[in-house]
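Enquirer: predicted structure and sequence below. I'll ask about it afterward.
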Amino acid sequence: MSTAHIRRLPVALAAAAALLLALLLPGAAAAKQGGHSDNGKGKVVSVMTRNLYLGADLAPALGAKSLPEFVTATGKVLRDVTANDFPTRAKGLAQEILSEKPDLVGLQEVALWRTGPPDLTPILTGQPTATTVRYDYLAELLAQLNKGPDRYEAVVVQPEFDLEAPADENQVAGDGPNPAIADAEINGRLTMRDVILARRGAGVETRNPQSGNFKALLPVNILGQTLTIKRGWTATDARVRGSGWFRFVNTHLEAFDPAALVPSIRALQAAELVAPGGPATGSLPVVLVGDLNSDDDTVSPGDQQAYRVLLNAGLVEPSTNNPLGCCLNSSLLAEGAGGSVADFDHQVDHVMTNDPGAITLERSEVTGLQPVNGFWDSDHAGLFSALRFGR
């Protein structure tokens, strides 16, 4: 899966508190902010949000009804991750970032893929053990970004959900060493991470790095075990070439949500961001970026809840939604594998701020709308905004 796509699994959850319901009520939402400041005053700070795509569609594995079906599905996940060739995609992603030179970048789905011997224990206990690194998306991307004179550094790395399962990767029946899962010859482990990058040597200062996981998490049932999909946020205070200090927050809200759930899991998570003492609050101006899996006018009504929570908390959007940036329908990113620019028909990636009087839009671009090096860089496009800080 790309967890960036808005997917749904059935789940029963209780209604939320009155505060969140109030945030969801219409009438207080601010409009998306467009245009730019032409007064020439203030300092320009550039930011970007980029979902890297974990490399496969997890939905068939999460929805498997039996152990053999599960092992087959997880095997396809590993094959798709290999086919989607992150070392090659990292070159295109680095090219996207370096062409814009953002001062701060919020990354989502920064996958770490590891393998180990076939074993059911990790999936049954929720305690992964595999340690052999197959793909480290963060290390691969930084290696590409830092080949030239530009230098990017990870200032906050937050682990999110961490799932390990047996897999029939080679599609050879009965060749596994564990009789209980005879078709599985390997375990695959996915650790998801959210990351903030800062551009060094360009007048970018950071301090007070923070991160955390949401309290509202989606439970899923895998082989009779209830596990939660851990998601969260990263944040740092930043100052760019005399802009004054501000709070930069990066997040990835829940992707698997029941269609009719009010409030949705991702709406509850959005409410945590803007609740008193939350990461997108405080005395400093806030710039929030991320894959919200939500919007106010390009997705279905049930999927609009999280974005409206943020709007009703006073955030506005200094970025473009023309063209739209989400998402390829194919889980395979090789050019000609089925994905098309026509698939980008809604918006889930956003740049927002809570200080529209002082922070205005200079320029915004959607990046990564065509394949390069034989691959789409991700199943998402990227979103870049240059923001003018007026005081």
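Expert: Alright, I've got the coordinates. Numbering: from 1, shown residues only.

Enquirer: tell me who's in contact with Gly302.
Expert: Residues near Gly302 by CB atoms under 8 Å, 6 or more residues apart in numbering: 257, 259-262, 264. All C-beta atoms are positioned from the backbone trio N, CA, C, and that covers glycine.

Enquirer: return the residues in contact with Asn329.
Expert: Residues in contact with Asn329, defined by CB under 8 Å, 6+ apart, are 338-340, 343.

Enquirer: tell me which of the contacts of Gly302 is nearest to Val77?
Expert: Asp257 (20.9 Å; CB to CB).

Enquirer: confidence-wise, which of the contacts of Gly302 comes last?
Expert: Lowest in pLDDT among these is Ala259, which has 69.

Enquirer: just the buried members of the contacts of Gly302?
Expert: Listed as buried from these are 257, 261, 264; burial here means 16 or more other CB atoms under 10 Å.

Enquirer: the contacts of Gly302 in strands, which ones?
Expert: Nothing among the contacts of Gly302 maps onto strands, per DSSP state E.

Enquirer: could you dump those to CSV with distance to Pro87?
Expert: Below are the contacts of Gly302 laid out as CSV (distance: CB to CB, whole Å):
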residue, distance to Pro87
Asp257, 32
Ala259, 37
Ala260, 41
Leu261, 38
Val262, 42
Ser264, 35
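
Enquirer: ok, these vs Asp349, which is closest?
Expert: Among the contacts of Gly302, and counting by CB to CB, the member closest to Asp349 is Asp257, at 16.8 Å.

Enquirer: most neighbours of all the contacts of Asn329, which one?
Expert: For these, the largest neighbour count, defined by other CB atoms under 10 Å, is 21 neighbours, found at Gly339.

Enquirer: three-state assignment of that residue?
Expert: coil (DSSP: H, G, I helix; E, B strand; the rest coil).

Enquirer: wait, what's in contact with the closest residue to it other than its chain neighbours?
Expert: Excluding the flanking residues, the one nearest Gly339 by CB to CB, 6 or more residues apart in numbering is Leu328, at 3.7 Å. For Leu328, the contact set (CB under 8 Å, 6+ apart) comprises 339-340, 343-344, 376, 379-380.

Enquirer: out of those residues, which is nearest to Leu284?
Expert: The closest of the contacts of Leu328, once distances to Leu284 are taken by CB to CB, is His380, at 28.1 Å.

Enquirer: what is that closest one paired to in the beta sheet?
Expert: Cys326 (DSSP bridges).

Enquirer: what pLDDT, on average, does stretch 325-335 get?
Expert: Rounded mean pLDDT across stretch 325-335 is 97.

Enquirer: which of the residues in that stretch are buried?
Expert: For stretch 325-335, by 16+ other CB under 10 Å, it's 325-328, 330-334.

Enquirer: and the closest residue in space to Glu96 that isn't next to it in sequence, what's its pLDDT?
Expert: Spatial nearest neighbour of Glu96, chain neighbours left out: Thr367 (4.6 Å); criterion: CB to CB, 6+ apart. With respect to pLDDT, Thr367 scores 98.

Enquirer: again with Pro258
Expert: In this prediction Pro258 is given a pLDDT of 82.

Enquirer: same question, Ser37
Expert: Per the predicted model, pLDDT is 37 at Ser37.

Enquirer: try the one 3 residues further on
Expert: The confidence metric pLDDT takes the value 52 at Gly40.

Enquirer: tell me which of the buried residues of stretch 325-335 is nearest to Leu145?
Expert: Taking the buried residues of stretch 325-335 together and measuring to Leu145 by CB to CB, the closest member is Leu333, at 19.6 Å.

Enquirer: return the residues in contact with that closest one.
Expert: So Leu333 contacts 53, 84, 89, 339, 371, 375-379 (CB under 8 Å, 6+ apart).

Enquirer: specify the local secondary structure of the closest residue to Ala61 other than its chain neighbours.
Expert: Closest residue in space to Ala61, ignoring its immediate chain neighbours: Ala73 at 4.0 Å, by CB to CB, 6+ apart. Following three-state DSSP, Ala73 is assigned to helix.

Enquirer: re earlier: now tabulate the contacts of Leu333 in JSON lines and tack on distance to Asp103.
Expert: Converted to JSON lines, the contacts of Leu333 look like this (distance: CB to CB, whole Å):
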{"residue": "Tyr53", "distance to Asp103": "24"}
{"residue": "Asn84", "distance to Asp103": "29"}
{"residue": "Arg89", "distance to Asp103": "23"}
{"residue": "Gly339", "distance to Asp103": "30"}
{"residue": "Pro371", "distance to Asp103": "27"}
{"residue": "Phe375", "distance to Asp103": "27"}
{"residue": "Trp376", "distance to Asp103": "26"}
{"residue": "Asp377", "distance to Asp103": "20"}
{"residue": "Ser378", "distance to Asp103": "21"}
{"residue": "Asp379", "distance to Asp103": "26"}
